[in-house]
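Participant: here is my input, please return the structure:
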Amino acid sequence: MMHTVRESNNNRQSKQLSYSDTNREVPFQVPVKVNIVLIGFNNDGGYRYMVDAHKLEEFLRISFPSHRPSCLETGELLDIEHHIVYNVFPAGQPELIALEKALKEAMVPAGTARESDYGREVPLFEVDATAVESVFQKLYSYIFDMDNSGYNAAEMDRPVPSAIFIVNFDKVRMDPRNKEIDLDSLMYGKITQRTEEEMKRQEGEYIYLLLDIRLSAPYEKASHVHERSIVNWLWSAGCHPFGPFSNTSQMSQMLQDVALRNTIYARVDSALHRIRDTSEYVQTFAAEYLKTPLSEPVKGKKNKSSTELWLEKFYKKKTNLPEPLPHELVERLEKFLDNLEEELVDLSSLLYDHRLQDAHLNSS
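Facilitator: Down below sits the predicted model:
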């Protein structure tokens, strides 16, 4: 499937870049495979939800077939569009219980916090993200058949799947104050249904890893363009599975990848505008000065009107006009632009394979 998506995108990319001189609104296509891992959605999570993976794939494909990013500062759409392919993987009950157990063991008491601005004060527990990321890594390795030894510097840029984990943990089972629940026994045991009253207590009357610092978040800013506060998702998501704040000072590889991809997109957007502006200028110049109304290359040293050129073409089988610029130079410009288009097609494939370092070098 990966090769099919890449090849179809390359064909579509070449056609669209070739038509960029006549349709400036055609964005640069970047294929993106979105892998979604559902944890706790097999009638075994906190709210006992049941999600059909195939129906979710179909819903996402119909509802969000593409995405076009925009500039955070101006709100202007970039000249880039994501062509999205979805894959949904449901995780089993053993994986759900293993993750809940890891989180429960990693919870550290950290005082109290309010449920909302004017809500109750409830116990607060912090989780060291690095203590539980290895469990997510094991699940990732199992689902995508990847080496579980982790990534070193040499392997960091190899083509690897990206995945979004959507979790529906049971906070009652995970409550570190509850010593009566044996999670090991639930690994392969039957999980009972909840009553309506038990559902109301699902939040467990505690909070984990929600640091109420009472300051403006670093990922939120006021925007005069949007006339409202906006969220920079580069800094608010991707640090680790639990949001922008944690008691670890390390920046995850996912966040580094997002920053690098944004740098690549900024370069590509700028390059596309220059390529299309230059291509349009060259073709306008050639049409006005280097060709007759019949699209014949002009030669000679005598200026003639359009009517005279038509007559010469039909009766004398030749045209005469001075060449203000050698045709060879225009041809070299067109060849240079064609090479740039081929590089952009290659760049699209590199982004699809998640080879960001190679894509970064290509974009520069």
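Participant: could you list the low-confidence segments of the protein?
Facilitator: Along the chain, segments meeting pLDDT under 70 span 1-25, 116-118, 147-159, 203-204, 208-226, 230-255, 289-327, 330.
Participant: show me where it has helices.
Facilitator: Ranges of helices in the chain, per DSSP state H, are 2-18, 53-63, 93-106, 129-144, 171-174, 196-200, 233-236, 253-285, 306-315, 327-352, 356-363.
Participant: pipe those helices into CSV and attach mean neighbour count and distance to residue 186 per row.
Facilitator: For every residue, glycine as well, the C-beta is placed using N, CA and C. As requested, the helices of the chain are exported to CSV (neighbours: other Cβ atoms under 10 Å; distance: least, Cβ to Cβ, whole Å):
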stretch, mean neighbour count, distance to residue 186
helix 2-18, 15, 36
helix 53-63, 13, 22
helix 93-106, 20, 5
helix 129-144, 16, 16
helix 171-174, 19, 7
helix 196-200, 9, 16
helix 233-236, 14, 33
helix 253-285, 16, 30
helix 306-315, 13, 85
helix 327-352, 16, 39
helix 356-363, 18, 40
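Participant: dump these into a markdown table; add distance to residue 37 as well.
Facilitator: Formatted as a markdown table, those follow (distance: least, Cβ to Cβ, whole Å):
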| stretch | distance to residue 37 |
| --- | --- |
| helix 2-18 | 18 |
| helix 53-63 | 10 |
| helix 93-106 | 9 |
| helix 129-144 | 6 |
| helix 171-174 | 19 |
| helix 196-200 | 24 |
| helix 233-236 | 19 |
| helix 253-285 | 14 |
| helix 306-315 | 66 |
| helix 327-352 | 20 |
| helix 356-363 | 21 |
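Participant: of those helices, give the one that comes closest to residue 161.
Facilitator: helix 129-144 (4.9 Å; Cβ to Cβ).
Participant: skip the chain neighbours and tell me the closest residue to residue 132.
Facilitator: Spatially, and ignoring its direct neighbours in sequence, residue 132 is nearest to residue 102 (4.8 Å; Cβ to Cβ, 6 or more residues apart in numbering).
Participant: does the one you found touch residue 137 like I think?
Facilitator: No: taking contacts as Cβ atoms under 8 Å, residue 102 lies outside contact range of residue 137: 11.2 Å.
Participant: quick revisit: what distance do you get for the residue nearest to residue 132 to residue 164?
Facilitator: Residue 102 sits 19 Å away from residue 164 when distances are taken as Cβ to Cβ, to the nearest Å.
Participant: can you check residue 53 too?
Facilitator: Distance, residue 53 to residue 164, by Cβ to Cβ: 13 Å.
Participant: coming back round to it: and residue 81, which of the helices of the chain is closest to it?
Facilitator: So among the helices of the chain, helix 2-18 is nearest, using Cβ to Cβ, at 9.7 Å.
Participant: how far away is residue 124 from residue 108?
Facilitator: 10 Å.
Participant: more neighbours: which of those two?
Facilitator: Set residue 124 next to residue 108 and count neighbours by other Cβ atoms under 10 Å: residue 124 wins out with 20 against 14.
Participant: okay, and the beta partners of the more buried one?
Facilitator: Beta-bridge partners for residue 124, by DSSP bridges, are residue 207.
Participant: isn't it right next to residue 115, touching?
Facilitator: No: at 10.5 Å, residue 124 does not count as touching residue 115 under the criterion of Cβ under 8 Å.
Participant: list residues touching both of those two?
Facilitator: Common neighbours of residue 124 and residue 115 are listed as residue 207 (criterion: Cβ atoms under 8 Å, 6 or more residues apart in numbering).
Participant: tell me where the stretch 101-250 of the chain has strands.
Facilitator: Using DSSP state E, counting those that start in this stretch, the strands of the stretch 101-250 of the chain run over residues 107-114, 121-127, 163-167, 207-208, 220-223, 228-231.
Participant: got these as TSV, with distance to residue 361 columns?
Facilitator: Output for the strands of the stretch 101-250 of the chain, formatted as TSV (distance: least, Cβ to Cβ, whole Å):
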stretch	distance to residue 361
strand 107-114	43
strand 121-127	37
strand 163-167	26
strand 207-208	41
strand 220-223	31
strand 228-231	31
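Participant: deepest in the core, which of the ones you listed is it.
Facilitator: A comparison of the strands of the stretch 101-250 of the chain by mean neighbour count, using mean count of other Cβ atoms under 10 Å, puts strand 207-208 on top with a mean of 22.
Participant: distance of residue 354 from residue 258?
Facilitator: Relative to residue 258, residue 354 is positioned 12 Å away (criterion: Cβ to Cβ).
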